[in-house]
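From the sequence below, what's the structure:
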Amino acid sequence: MVRILLAEDDDSMRAYLARALEKSGYEVVAVATGTQAVPHIESDRFDLLLTDIVMPEMDGIELAQHTANVAPQTRIMFITGFAAVTLKAGKAVPQAKVLSKPFHLRDLVLEVERMFGSETLTGLS
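Numbers count the residues shown, from 1 in each chain. Okay, here's the model as predicted:
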């Protein structure tokens with residue numbers, strides 16, 4: 001099973017995304033900040049870090065760079081509502097995917113499935 005670490009500071013968005021990914025068959029650990037994500041990255045294995053870029057304490061770019069150093073096998077996908085930070089993220093972590101808000105949950109699930117070669121679409125329409 002693909003394991004996802006979700007870092008999103010908006011409580012309702014975090015719950016919404018986690019529920020959608022779990023419904024699609026992924027195991028999700030959800031945290032509110034980058035600093036909360038760090039101990040998980042350092043002590044556990046995740047296939048994907050799904051992180052908002054703009055967060056308090058530690059932004060998603062810093063978190064992604066830390067993840068790339070500590071757990072280089074973990075793939076990275078940014079979610080953001082700010083076009084300007086998309087360019088910054090692409091330069092800082094060029095191997096990462098970027099999904100711009102607003103997006104449909106189906107788009108998120110499709111991107112995750114593409115990353116892991118899954119051919120199964122479940123639950124979201």
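
where does the chain dip in pLDDT?
Within the chain, the stretches with pLDDT under 70 are 83-92, 94, 118-125.

And the helices in it?
Taking DSSP state H as the test, the helices found in the chain are 11-23, 34-43, 60-70, 83-92, 105-116.

TSV please, covering these and showing distance to L49 and mean neighbour count.
Just so you know, the C-beta spots here come from the backbone N, C-alpha and C atoms, and that holds for glycine as well. Shown next, in TSV, are the helices of the chain (distance: least, C-beta to C-beta, whole Å; neighbours: other C-beta atoms under 10 Å):
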stretch	distance to L49	mean neighbour count
helix 11-23	13	15
helix 34-43	7	17
helix 60-70	5	20
helix 83-92	12	14
helix 105-116	11	16
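
Point out the one among those helices that comes closest to V2.
helix 105-116 (5.4 Å; C-beta to C-beta).

Tell me which other helices or strands the closest one touches.
Helix 105-116 sits against helix 11-23, strand 48-52, strand 75-80, strand 97-100, with contacts defined as 3 or more C-beta pairs under 8 Å, 6 or more residues apart in numbering; DSSP states H and E.

Output the helices of the chain in TSV; the columns should cover distance to V54.
Converted to TSV, these look like this (distance: least, C-beta to C-beta, whole Å):
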stretch	distance to V54
helix 11-23	12
helix 34-43	11
helix 60-70	7
helix 83-92	6
helix 105-116	18
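
out of those helices, nearest to L99?
Per C-beta to C-beta, nearest to L99 of the helices of the chain: helix 105-116, 5.9 Å.

Residues in a beta bridge with S100, which ones?
T80 (DSSP bridges).

Any idea how many residues pack against it?
Using other C-beta atoms under 10 Å, S100 is surrounded by 13 other residues.

Confirm for me that it is in contact with D107.
No - with contact defined as C-beta atoms under 8 Å, S100 and D107 do not form a contacting pair (9.8 Å).

what residue is smack in the middle of the protein?
The residue lying closest to the centre of the chain (C-alpha atoms, centre = their mean) is L50, at 0.5 Å.
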